[in-house]
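In: Any chance you could fold what I've pasted below:
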Amino acid sequence: DMGYEALSANGSESCKSPSLDKLAAQGVRFTNCFSNPICTPSRVKLMTGQYNVRNYVKFGWLDRGQTTFAHQLKKSGYKTAVAGKWQLGKDKDSPQHFGFEQSCLWQHTRSGRSNEGGKNIDRRFVNPLLEINGEEKDHTNGEYGPQVCTDFICDFIDQNKKNPFLVYYPMILTHCPFDPTPDSTDWDPKRLGSTTYKGDRKDPQRHFRDMVAYADKAIGQIVAQLEQSGVRDNTLVIFTGDNGTDKPIVTPWNGTKVVGGKGTMSDTGTRVPLIASWPAGIQKPGRVVSDLVEFTDMFPTLCEVTGAKLPKDHPADGASIVPVLLNKADARTKDWVYIWYRKQVMVRNKHYSLLANQDGTNAALTRHSGLFDSERLKDNKLTRTERAIKRQFAAKIAELAKTRLSTASKEGRAAGLKNKTNR
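Out: Coordinates of the predicted model:
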């Protein structure tokens with residue numbers, strides 16, 4: 001839940017992210033990376049390297065017949081771990097089933113909430129309810145969930161510094177509730193958590209800034225651990241967000257204000273930060289690039305970097321970003337991105353997007369003059385070039401609509417067909 005505008009390197013005038021800014025200055029910062037509007041669809045797309053139309057079943061569940069990047073890297077000799085938010089299936093072996101040998105998670109086997117005196121308490125932050133390798137662990141001594149996960153990752157890195165390793169960290173931050181962090185002035189280690197979804201401390205703007213700062217601090221701790229363990233130079237670190245910033249957050253950005261658009265098929269709902277840092281691999285570090293990137297691109301990227309193979313018959317939905325990292329972007333082809341969410345679908349490039357119902361009806365073209373600067377166009381006002389772009393994008397929507405649940409397992413397809421809203 002950290003949109004593009006939330007990093008100071010990207011122009012935020014309220015949030016500070018010095019650790020990520022440093023990674024960007026020493027790596028590559030992307031300005032055109034797009035996610036899905038909410039978390040589960042984004043993570044399914046990221047982990048499997050496929051468009052959601054092919055294999056997305058329902059919210060909070062990853063079809064157990066799917067192959068993830070963790071499977072492929074594990075086959076190639078990598079030690080694998082996941083920490084943070086799971087919400088992809090409550091089976092005790094779920095992370096291991098999907099290729100992760102070690103796990104420290106919130107919302108794995110249980111909801112991550114508790115009932116205290118008739119009140120439903122969110123237990124992801126202060127005094128969290130987590131699962132460590134599938135075993136429930138209730139923290140009640142003032143621990144902070146994101147810090148527990150970060151420490152777990154740092155321990156894993158040091159334990160595996162003599163081996164190739166993969167760490168996947170879908171951070172619990174900066175998702176609501178907008179809550180104090182241990183660095184906030186109103187942190188209370190005896191509190192059990194928020195009694196409301198968005199947060200009951202009634203200061204969301206300040207707490208969101210604090211949460212961004214703490215997420216950035218966690219990144220700094222992980223980078224420091226890589227250095228301490230002697231593996232920083234040849235470790236590729238990729239940072240992104242799973243969807244746009246949530247409401248009611250408003251971020252001063254480059255002289256304007258960006259209103260959080262999580263859950264919407266818009267720039268504010270889908271444009272997310274992307275930073276890659278790899279001292280031994282990136283050529284001409286410090287670049288800011290406008291190449292199109294979407295989450296299907298991460299699977300082939302990880303396979304190319306590690307020498308792992310893509311799964312047999314894997315659809316070519318993604319384009320590795322390695323050529324961009326090597327300053328050879330001309331060797332990469334990426335003309336558009338595709339976002340399938342609920343009952344809508346979008347195809348877009350840097351300058352135009354077509355948003356339609358999933359059957360192709362009610363298609364409307366939007367012109368993007370810059371970041372967070374968009375205008376929906378009327379059909380009778382389209383130029384000849386714009387009409388051609390609309391036809392091209394509409395044809396892509398129609399082509400991919402035919403692939404619904406085509407790579408899902410039998411169980412996944414049955415569940416997916418029951419999910420009429422595609423949520």
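In: For residue 75, what are phi and psi?
Out: Note on residue 75: its backbone torsions stand at phi -60, psi -30 [degrees, to the nearest 10].
In: residues near it, how many?
Out: By the measure other C-beta atoms under 10 Å, the count of residues near residue 75 is 12. The C-beta positions use only the backbone N, C-alpha and C, and glycine is treated the same way.
In: for the residue nearest to it when sequence neighbours are not counted, what are its contacts?
Out: In space, and not counting its chain neighbours, residue 75 is closest to residue 308: 6.7 Å by C-beta to C-beta, 6 or more residues apart in numbering. Residues near residue 308 by C-beta atoms under 8 Å, 6 or more residues apart in numbering: 69, 72, 73, 75, 76, 78, 302.
In: got it, and residue 2?
Out: Contacts for residue 2 were tallied using C-beta under 8 Å, 6+ apart; they are 173, 174, 212, 215, 241, 245, 272, 273.
In: Narrow these to those in helices?
Out: Cross-referencing the contacts of residue 2 against helices under DSSP state H gives 212, 215.
In: Show only the entries of the contacts of residue 2 found in strands.
Out: When strands are assigned by DSSP state E, the members of the contacts of residue 2 inside them are 272, 273.
In: which stretches of the stretch 101-250 of the chain form strands?
Out: 102-106, 113-116, 119-122, 129-132, 135-138, 165-168, 237-240, 250-253 (DSSP state E, counting those that start in this stretch).
In: elements contacting the third one?
Out: For strand 119-122, the elements it packs on are strand 113-116, judged by 3 or more C-beta pairs under 8 Å, 6 or more residues apart in numbering; DSSP states H and E.
In: The strand it packs on pairs with which strands, and in what direction?
Out: For strand 113-116, the paired strands and their directions (DSSP bridges) are strand 119-122 (antiparallel).
In: and the partner strand, how far from the chain's centre?
Out: Here strand 119-122 shows a centroid-to-chain-centroid distance of 26 Å under the convention C-alpha atoms, centre = their mean, to the nearest Å.
In: now do stretch 345-353
Out: Distance, centroid of stretch 345-353 to centroid of chain: 19 Å (C-alpha atoms, centre = their mean).
In: who touches that stretch?
Out: Outside of stretch 345-353, the residues that reach it under the criterion C-beta under 8 Å, 6+ apart are 32, 34, 53, 265, 270, 290, 292, 335-339, 354-358, 365-368, 374, 386, 389, 393, 396-397, 400-401.
In: Just the C-alphas of that stretch, formatted as PDB.
Out: These are the backbone C-alpha positions of stretch 345-353, laid out as PDB (Å, rounded to 0.1, in the frame of the first residue of the first chain):
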ATOM      1  CA  VAL A 345      -9.400  -4.800 -17.400                       C
ATOM      2  CA  MET A 346      -6.800  -2.300 -18.500                       C
ATOM      3  CA  VAL A 347      -4.100  -2.200 -21.200                       C
ATOM      4  CA  ARG A 348      -1.800   0.700 -21.100                       C
ATOM      5  CA  ASN A 349       1.500   2.100 -22.300                       C
ATOM      6  CA  LYS A 350       3.400   5.200 -21.200                       C
ATOM      7  CA  HIS A 351       0.900   7.600 -22.800                       C
ATOM      8  CA  TYR A 352      -2.500   5.900 -23.100                       C
ATOM      9  CA  SER A 353      -4.600   3.400 -21.300                       C
END
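In: average pLDDT for that stretch?
Out: Averaged across stretch 345-353, pLDDT comes to 98.
In: The residue nearest the centre of the chain: what's its closest spatial neighbour, skipping adjacent residues?
Out: Geometric centre of the chain, nearest residue: residue 242, 2.5 Å, by C-alpha atoms, centre = their mean. Distance criterion C-beta to C-beta, 6+ apart; nearest residue to residue 242, sequence neighbours excluded, is residue 42 at 4.2 Å.
In: Check the secondary structure at the one you found for me.
Out: Three-state call for residue 42 (DSSP: H, G, I helix; E, B strand; the rest coil): helix.
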